[in-house]
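>>> Sharing a sequence plus its predicted fold:
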Amino acid sequence: VEIYSIEFSTKRTECKISSPETFPLSDRLIQIKIASSNEFMASNILGDRVFTIQSSGITEISNENAVRIYRVLPNSRLVSQDSALYRVSNERDLVFESSNNVKGEWIECLNEECTSILTMNEKGMLWLDEKLIMTQATSFSVCQQFVMVTTHSHQLIFLPRSSPHLWESLARSALEGHSGNEETHRRVERGALLVTSVVENSSVILQMPRGNLETICPRAMVLSSLRQNLNSLEYRAAYALCRRHRIDLNIIHDNSPEMFMQTISKFVNDLESADHLNIFLSSLRDEDVSKTKYSGFSSARAVTSKDNSAYPRKKINSVSEAILKVLRVDPLKWIDSIITVYVVQEPPRLEEALNCIIDLSKEGESSPDLIEKSLKYLLFLVPADKLFDVALGMYQLPLALSIGRRSQKDPKDFEPFLEHLVKLSEIERQ
């Protein structure tokens with residue numbers, strides 16, 4: 001028997017296969033599963049022999065009762081036989097464990113003591129101990145946060161391990177099509193079966209009927225990783241996850257508004273890039289997406305569009321003002337973001353945005369290129385005609401002329417008028 005170890009790289013799509021370790025054994029091993037950090041378990045193809053595999057070699061487990069092994073359970077020292085579980089003892093014997101909770105051929109322990117067991121039979125019935133969860137399962141897989149199940153209706157359903165009392169209702173809603181929550185379920189290709197999940201990449205690997213493997217990143221796993229990053233104040237990783245998987249950036253604030261407002265300076269410093277901060281500011285809405293789009297698995301958190309609590313007032317202004325206080329520490333570095341703050345507020349503070357550019361022109365440290373870049377950025381955010389009128393209202397004629405020349409206006413329509421205003425005194429202009 002030759003056993004290979006494979007090391008996968010999560011950053012690059014490659015793997016390293018070690019040289020094989022050869023063990024003398026005149027049998028064919030199947031179902032090699034991890035039993036502990038330094039030990040594997042396997043059974044032979046007939047199911048009448050069980051082995052433990054360590055770096056020192058392969059050891060056969062005593063099977064005096066001729067127990068026929070159906071399954072080797074991962075992350076434990078358990079094997080199943082018909083409707084009973086047997087544990088591999090320290091003396092390398094098979095010891096009867098239990099038979100009450102085993103309802104099917106596919107078995108998974110949900111805790112280290114194996115007191116909670118998930119089983120599925122060939123008819124598609126999925127059981128949690130003695131409780132029937134659903135009857136249309138085709139495969140299932142267990143990860144740290146979820147139990148994932150594929151169904152005959154070509155859906156991938158996510159059941160949170162922290163709330164087993166919700167599993168039956170969540171499965172029923174997904175199967176009946178009553179739930180529009182994209183966290184609880186999603187469509188998959190016909191006949192797709194679960195292989196495993198990669199928590200670090202928020203991905204699930206599926207095997208298609210034609211034999212190929214495909215990787216998907218379901219909303220449930222992405223949002224679970226995102227909430228963990230936000231709760232641990234890893235704002236850079238959370239922002240990158242939102243951009244990569246097209247998650248509404250409002251979740252960064254709405255996940256925990258009080259904590260976000262208290263650590264808003266860390267958020268700005270973690271992003272580092274003014275472009276990234278501008279995208280966040282531009283995406284702000286007076287809506288609590290943690291109660292609408294991303295309400296999670298609890299039906300109590302989900303709200304309808306008529307619920308006013310899901311639309312907090314002045315969220316845009318409060319968040320942008322808090323960010324503005326941080327940006328004023330280094331206004332030259334964050335000039336574009338400061339302009340964005342003034343533009344996104346309700347109502348927009350366009351005069352103050354124009355004053356930022358005026359202040360740049362007065363400061364000796366500001367280069368003409370920076371002033372030109374900031375003005376072009378403001379024109380990208382606000383229509384030129386609107387800015388032209390605001391500049392006229394501020395009696396900033398050179399700025400109004402600069403804006404007018406960058407607009408779609410005909411110079412004959414505004415240049416004579418501006419030249420006439422220049423000749424007038426300030427009181428006459430007013």
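Structure received. Residues are numbered from 1 along each chain as shown.

>>> so what's the nearest residue to residue 124 once chain neighbours are set aside bridging to?
Spatial nearest neighbour of residue 124, excluding adjacent residues (Cβ to Cβ, 6 or more residues apart in numbering): residue 137 at 4.8 Å. (C-beta placed from N, C-alpha, C; glycine too.) Legend: beta-bridge partners of residue 137 under DSSP bridges are residue 151.

>>> correct me, but residue 137 touches residue 121?
No. Using Cβ atoms under 8 Å, residue 137 makes no contact with residue 121, being 9.1 Å away.

>>> between the two, which one's more packed in?
residue 137 (22 against 13; other Cβ atoms under 10 Å).

>>> give the contact list for that one.
With contacts taken as Cβ atoms under 8 Å, 6 or more residues apart in numbering, residue 137 has the following neighbours: 120, 124-126, 149-151.

>>> What of residue 72?
Contacts of residue 72 (Cβ under 8 Å, 6+ apart): 31-33, 41-43, 50, 79.

>>> State the distance from it to residue 185.
Remark: distance between residue 72 and residue 185 (Cβ to Cβ, to the nearest Å) = 30 Å.

>>> And residue 46, by the same measure?
39 Å.

>>> Between these two, which is the more surrounded one?
When residue 46 and residue 185 are compared on other Cβ under 10 Å, the one with more neighbours turns out to be residue 185, at 27 against 11.

>>> burial measure for the nearest residue to the more buried one once chain neighbours are set aside, as a count.
Counting by Cβ to Cβ, 6+ apart, the nearest residue to residue 185 once its immediate chain neighbours are dropped is residue 174, at 3.9 Å. A count of neighbours around residue 174, defined by other Cβ under 10 Å, yields 23.

>>> Residue 174 belongs to a helix, doesn't it?
Yes. Membership of residue 174 in a helix is supported by DSSP: H, G, I helix; E, B strand; the rest coil.

>>> surely it meets residue 159?
No. With contact defined as Cβ under 8 Å, residue 174 and residue 159 do not form a contacting pair (9.5 Å).

>>> Tell me which strands the longest strand along the chain pairs with, and in which orientation.
Of all segments of type strand in the chain, defined using DSSP state E, the longest is strand 29-36. Taking DSSP bridges as the criterion, strand 29-36 sits next to strand 39-44 (antiparallel) in its sheet.

>>> I'd guess residue 127 is in a strand, am I close?
Yes. Counting by three-state DSSP, residue 127 falls inside a strand.

>>> can you count the residues close to residue 397?
Neighbours of residue 397 (other Cβ under 10 Å): 16.

>>> same question, the one 10 residues further on
A count of nearby residues for residue 407, using other Cβ under 10 Å, gives 16.

>>> Distance check, it against residue 388.
For residue 407 relative to residue 388 (Cβ to Cβ), the value is 6 Å.

>>> repeat for residue 222
Where residue 388 is concerned, residue 222 sits at a distance of 44 Å (Cβ to Cβ).

>>> Kindly report the same for residue 142.
62 Å.

>>> name the element residue 277 belongs to?
Assessed by DSSP states H and E, residue 277 sits inside helix 274-283.

>>> which regions of this protein lie under the pLDDT threshold?
In the predicted model of the chain, residues 1-26, 65-67, 70, 75-78, 80-83, 90-102, 178-180, 298-312, 363-366, 410-430 satisfy pLDDT under 70.

>>> Torsion angles phi and psi at the residue nearest the centre of the chain?
Compute the mean C-alpha point of the chain, and by Cα atoms, centre = their mean the closest residue is residue 222, 2.3 Å away. When read as degrees, to the nearest 10, the backbone of residue 222 gives phi -60, psi -50.

>>> was I right about it contacting residue 241?
Yes. Applying Cβ under 8 Å as the test, residue 222 and residue 241 come out as touching, 6.6 Å apart.

>>> Enumerate every residue touching residue 134.
With contacts defined as Cβ under 8 Å, 6+ apart, the neighbours of residue 134 are 124-126, 149, 151, 157, 168, 171-172, 175.

>>> Pick the one among those closest to residue 250.
Nearest to residue 250, judged by Cβ to Cβ, of the contacts of residue 134 is residue 157 at 26.5 Å.
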